[in-house]
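In: any chance you could fold what I've pasted below:
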Amino acid sequence: VRVLNDLEVDKMYGSDYVIPEMVEWLGKIATISIVGGDYYNLDVDGGQWCWTDEMLEEVIGNEI
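Out: Model (predicted):
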């Protein structure tokens, strides 16, 4: 997946907010490491933050 590049801090996306600490991951390609009920943990941030469908986009093999 790719973290969307235009996410806004303190804005709710699905069931979660983007916080300032998440900004460094915007636009980065990541692998989902854990699937929660309505969120994902990603490998790029060590699973520290919760990401929702609205924060991510699918990356197809030749886009990497």
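In: grab the nearest non-local neighbour of residue 54.
Out: Nearest in space to residue 54, with sequence neighbours left out and distances taken as C-beta to C-beta, 6 or more residues apart in numbering, is residue 13 at 3.8 Å. Every residue, glycine included, has its C-beta placed from N, CA and C.
In: test my guess that the one you found contacts residue 49.
Out: No: contact criterion C-beta atoms under 8 Å: residue 13 and residue 49 do not qualify, at 11.9 Å.
In: between the two, who's got more neighbours?
Out: Neighbour count, other C-beta atoms under 10 Å: between residue 13 and residue 49, residue 49 has more, with 19 against 16.
In: any idea how far that one lies from residue 18?
Out: The gap separating residue 49 from residue 18 is 9 Å, by C-beta to C-beta, to the nearest Å.
In: what residues are up against the residue lying closest to residue 58 once chain neighbours are set aside?
Out: Spatial nearest neighbour of residue 58, chain neighbours left out: residue 1 (6.2 Å); criterion: C-beta to C-beta, 6+ apart. By C-beta atoms under 8 Å, 6 or more residues apart in numbering, the residues touching residue 1 are 29-32, 40, 42, 56-59.
In: name the member of these with the most neighbours.
Out: residue 42 (23 neighbours).
In: count of residues packed around residue 61?
Out: 5.
In: gap between it and residue 29?
Out: Distance from residue 61 to residue 29, by C-beta to C-beta: 11 Å.
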